[in-house]
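> Pasting the sequence and the predicted coordinates here, then a few questions.
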Amino acid sequence: MKRVYLIVLDSLGIGEEPDAALFKDHDCNTLKRISGSDKFRFSSMKDMGMGNIDGQDYLPAAKKTLAAVARLQERSMGKDTTIGHWEIAGVVSPSPLPTYPDGFPEEIINEFKEKTGRGVLCNKPYSGTQVIADYGEEHLKTGDLIVYTSADSVFQIAAHVDKVPLDTLYEYCRIARKILKGKHAVGRVIARPFTGEPGNFTRTSDRHDFSLVPPKATLLDALKADGKTVYAVGKINDIFAGQGVTEHIMTHGNTEGMAVALSALDKEFEGLCFVNLVDFDMLYGHRQDVDGYAAAFAEFDSWLPSFTAKMKKDDVLIITADHGCDPGDSHTDHSREYVPMIMYGKNITPVNLGTRHGFCDIAATVAEYLDCGYKGDGESFLPCVIKPTDTEKALCKAAAEAMLKSYSPYSTYSVGAALLCSDGKIYTGCNIENAAFSPTVCAERTAMFKAVSEGERDFRMLAVCGGKDKKISGLFPPCGVCRQVLTEFCSPDMPVLLMKSKSAFEKKKLCELLPGSFTPAYIKKK
Ligand code: THU
C-alpha cells in the first residue's frame, strides 16, 4: 500500500529566482528572513537536509541528511497559490492569472450587470473589511453589488445577507465565473456575505470560493482515474476546483492541518494525501509578521518527528512550497522564489538533487512512485532517489555474476543478463561470441531462451549489465533484436533494469525501449 503525503508550506520560498525582477521582486528570501528571528527553530528540518539545499548557506547543513532534497525553480510565469499548486501537480502555466490593479474592464462589468440585473459598486482593489464599511450603506440602499479585487487574481462580490440571500449571491458568483474566461480567467471568484448595521458591518463565515478549473489533467485527475485515493486537506480542494479529488476536508489553520495529516496516517488507502498549510502565507507572509512566520515554522519543525515516526514502510513524505511571501521585503504580496523539495521515506535514498527546473517534477515523481502513467509537464526524479528493492538487488547481482561467464574474445565486451520469472526463478545469460561473428548471441537472448526452453512463459523483470573486460562500465542497453525477442514474451510494462554499476540502475519499461513494437497480437488479429 503506497501512500504519498505531499505537504505544501504555503509561501515558504527559499530565495529569489533569476527572473524575480520581472515580478517586481528583489532581495526576497522567505526562509532566510525568518531564520533571523528569535522564534526560529531549525532542528528536524535541519536533519532532513533543508540546510543542504542549494543556496541555503546561511543555515547549518546536516552532515548526513535524512531526506532527498532539491531546490525547485518555477516554470510557470506566476507567483500565486493556484499556479504554484497546479505546477506541483504537473501543469505549467505559461502566463500569470490576470490581476486588476485598476479594476475590471467595462466589458466584464457590463456583462455582469446585465446577467445579474444589478448595479456594481467600487470595482477596484480594496481591503475586504474596509470595502463593506465604505460601500455597505449604499449597497443596502440600492441593492448594487460590491465588486472588488486585491493584488491576487480574484473577483470578489460582497453583499449584505438581508439584501441578497446567500444562494443568490452564490448564483451571482457562478455567473461571474462563466463571464471570467480566456484572458480574464481569474483564479477565484469569491462570495463575501456580510451582516450587521451601518457602521458595524461584519463578514459572515459563509465565504465561498469558485475556483478556476485547471487547464489540463493534473496528477490528481490521473490518480483518481486509476482508482486511487486523492485526499485533499485544507485549501487543496478549492485550488483544483474539486477536480481529481476523491475526498476532502477543509481545515482552519496550520495546527489543524498538521493534526489531519497525522491522522491520515491511520487511514487505509493507496494514493495521495495533499495538504496545504495556509497560515504561513495568510497570517504571516502577507501581514509581514517575521516572528509569527518563524514561530509557525518552529511549530512545524517540532511537529515533524511525530509524523515521520508514524510513517509505514512504503509511505513517502514530500515537503514543498508554492511560491514565496517574504515577510520582510518591500511589499505585502507574494515573492518569486525557489521552493524546497524534501522527500523522505524508508524507500528513499537521501541524495542532494541540486537545482531542478520545474515544480512539476514532483507530479511526475509521485506518479511514478504510485505506478500511475501520468507524467505532466515534468520529469520524474524517482530513479535518482528510490532505493532498490530486494528483488531488484538480487536480479542485479545475478546479472553481474552472469557477466563474468561471458565468452567474448572478439569484442572483449562482456554482457550479463538476469530474467525474473513469475514463479520466482531467475534465469541468467551471458553473450556468446563466434569466430564467424554473426552467430553471436547476446546475453539477454541467452537468458530468455534458457527460460523459454525450460517452459517459462511469464516474466516479471530483466536486469542487464555490460562493459569491457568484465567490468561494468555504465549503461549497456539491449540491442534491437533482443528488444524484439523480449517483446514476444514480456508485457510492455515489464521493468528493465539498465545497470550503471553493481548496485545502481536506470529503470525503464520494455515499451519505452521499443515503442510501437510488432507484437504477437498483430499476427493473432489476422
Ligand atoms: N551484446 C549483448 O550481449 N547484448 C546486447 O543487447 C548488445 C550487445 C553483446 C554482443 C557482443 O558479444 C558484444 O555485446 C559487443 O557487441
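Here it is on my side, so go on. Numbers count the residues shown, from 1 in each chain.

> Please state the mean pLDDT value computed over the lengthiest helix in the chain.
Counting by DSSP state H, the longest helix found in the chain is helix 290-310. Confidence over helix 290-310 (mean pLDDT, whole number) is 98.

> where's it relative to the chain centroid, distance-wise?
Offset of helix 290-310 from its chain centre (CA atoms, centre = their mean, to the nearest Å): 21 Å.

> Please identify the buried residues of it?
Neighbour counts over helix 290-310 (16 or more other CB atoms under 10 Å) mark 290, 292-301, 303-304, 307-308 as buried. Yep, even glycine has a C-beta here, placed from its N, CA and C like the rest.

> Please list the residues of the chain that sit near the ligand.
Applying CB under 6 Å from any ligand atom, one finds that the chain approaches the ligand through 408, 411, 413, 415, 431, 433, 440, 442-444, 478-479, 482.

> Which pLDDT value goes with residue 358?
Reading off the model, residue 358 has pLDDT 98.

> What of the one 4 residues further on?
Here the pLDDT value assigned to residue 362 is 98.

> Same check on residue 281?
Looking at residue 281, its pLDDT is 96.

> Is it in contact with residue 81, as I believe?
Yes: the pair residue 281 / residue 81 is scored as a contact, 7.3 Å apart, by CB atoms under 8 Å.

> just checking, which of the residues of the chain next to the ligand belong to strands?
413, 415 (DSSP state E).

> for the residues of the chain next to the ligand, which one is nearest residue 364?
Closest approach to residue 364 among the residues of the chain next to the ligand (CB to CB): residue 478, at 24.5 Å.

> Need the nearest residue in space to the closest one, chain neighbours excluded.
The shortest distance from residue 478 to any non-neighbouring residue, by CB to CB, 6 or more residues apart in numbering, is to residue 444 (5.1 Å).

> and the longest helix of the chain, what does it pack onto?
strand 3-9, helix 30-35, helix 44-48, helix 254-263 (3 or more CB pairs under 8 Å, 6 or more residues apart in numbering; DSSP states H and E).

> Pipe those into TSV and attach mean neighbour count, mean pLDDT and distance to residue 93 per row.
TSV is the format used below for these (neighbours: other CB atoms under 10 Å; pLDDT from 0 to 100; distance: least, CB to CB, whole Å):
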stretch	mean neighbour count	mean pLDDT	distance to residue 93
strand 3-9	26	98	17
helix 30-35	26	98	21
helix 44-48	21	98	29
helix 254-263	18	98	25
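
> Leaving out the residues flanking it, which one is nearest to residue 113?
residue 120 (5.8 Å).

> so who does the one you found touch?
The contact partners of residue 120, by CB atoms under 8 Å, 6 or more residues apart in numbering, come to 109, 112, 113, 144, 145, 147.

> residue boundaries of the strands in the stretch 51-200 of the chain?
For the stretch 51-200 of the chain, the strands defined by DSSP state E, counting those that start in this stretch cover 68-73, 120-125, 145-149, 154-160, 188-197, 200-203.

> For residue 461, which non-adjacent residue is spatially closest?
Sequence neighbours aside, residue 420 is the residue nearest to residue 461 in space, at 4.4 Å (criterion: CB to CB, 6+ apart).

> Can you list phi and psi of the one you found for me?
Dihedral pair for residue 420: phi -90, psi 130, per degrees, to the nearest 10.

> would you put the C-alpha positions of the helix or strand of the chain with the lowest mean pLDDT in PDB?
The helix or strand of the chain with the lowest confidence, counting by mean pLDDT, DSSP states H and E, is helix 520-525 at a mean of 83. Output of helix 520-525 as PDB, limited to C-alpha atoms (Å, rounded to 0.1, in the frame of the first residue of the first chain):
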ATOM      1  CA  PRO A 520       2.200 -11.400 -31.400                       C
ATOM      2  CA  ALA A 521      -1.200  -9.600 -31.200                       C
ATOM      3  CA  TYR A 522      -0.700  -8.400 -34.800                       C
ATOM      4  CA  ILE A 523      -0.400 -12.000 -36.100                       C
ATOM      5  CA  LYS A 524      -3.300 -13.200 -34.000                       C
ATOM      6  CA  LYS A 525      -5.500 -10.500 -35.400                       C
END
